[in-house]
Structures are given as structure tokens and as C-alpha cells.
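**Student:** predicted model and sequence follow; I will ask about them next.
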Amino acid sequence: MKFIVINEGFICQKCGENNPPLKKSCRNHCRKCLYSFHVDKDAPGDRESLCKNLMEPVSTDFNGKKGWIIYHKCTKCEKIIKNKSAPDDNFEEIIQLTKQTRRVC
């Protein structure tokens, strides 16, 4: 699976937040509400998904090397994709997801 670098800003389709490009990585979810959009099919940046629906942040995990990992689930096809959090993500939302993850487990 090859990572295709696409680092561009976007307007969140869930909350309307303006999300500028990141300086050292690629942004793939909203920094305010953490929602994503199902555009990739097999590899990050491939833009080959036909689904094109919102992806809800459903849980988190902490990785010692990568930091917070956010799991997104497509609201249509239910595909789950994990993504690294960004430095400017709404940390309160990440904490809320962590609490939800613990309740589910």
C-alpha cells in the first residue's frame, strides 16, 4: 500500500470548519469535529473511493511512536480507517472519544 501525499486544505462537510494544510504531514480529518470524508479506497491519498460519505470518528488509541490514532467509520458503507491525529486537532474531542472507547470495551 503506497501512501500518496496530498496536503491540501478543505472545508469540513460536517461542521463547516476551514482546515488549512498541515506543515509536516497530510490532513485527512477536521481539526474541530474530527470527522473525515470517505475519498480513499485502498491507500491513503488514492482518492478512488466511490462512497464519498462522511466518516464519523468512533474511537481512539494511543501509539507510543505515532501519538493519538483516530478510527473513522463511514456513515454509508461502514468501512473503518485509522488516522493519526494532527497537532492542531481539538484535543477535547479526542478525550471524549477516548471515554467512549472505554465504555464500549
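**Tutor:** Cool, got the structure.
**Student:** all strands for this structure, in order.
**Tutor:** 10-11, 18-19, 36-37, 54-63, 67-74, 80-84 (DSSP state E).
**Student:** which residues touch the fifth one?
**Tutor:** In this case it means strand 67-74. With contacts defined as Cβ atoms under 8 Å, 6 or more residues apart in numbering, strand 67-74 is touched by 29, 34-36, 38, 51, 53-63, 79-85, 89, 94, 97. Glycine gets a C-beta too; all of them are placed from N, C-alpha and C.
**Student:** what comes up buried for that strand?
**Tutor:** Buried residues in strand 67-74, defined by neighbour count with 16 or more other Cβ atoms under 10 Å: 68, 70, 71, 72, 73, 74.
**Student:** now swap in stretch 18-34 and tell me
**Tutor:** 19, 22, 26, 27, 28, 29, 30, 31, 32, 33, 34.
**Student:** now, which of these sits nearest residue 45?
**Tutor:** Nearest to residue 45 among those, counting by Cβ to Cβ, is residue 26 at 7.0 Å.
**Student:** look up the closest residue to the closest one, ignoring the ones flanking it.
**Tutor:** Closest residue to residue 26 apart from its sequence neighbours, by Cβ to Cβ, 6 or more residues apart in numbering: residue 7 at 4.6 Å.
**Student:** isn't residue 47 up against residue 28?
**Tutor:** No. Applying Cβ atoms under 8 Å as the test, residue 47 and residue 28 come out as separate, 11.3 Å apart.
**Student:** hang on, the earlier thing: I'd like to know how many residues surround the residue nearest to residue 26.
**Tutor:** By other Cβ atoms under 10 Å, 14 other residues sit near residue 7.
**Student:** verify the stated contact: it with residue 27.
**Tutor:** Yes. Residue 7 lies in contact with residue 27 (Cβ under 8 Å); the separation is 6.9 Å.
**Student:** overlap in contacts, those two.
**Tutor:** With Cβ under 8 Å, 6+ apart as the test, residue 7 and residue 27 both reach residue 21.
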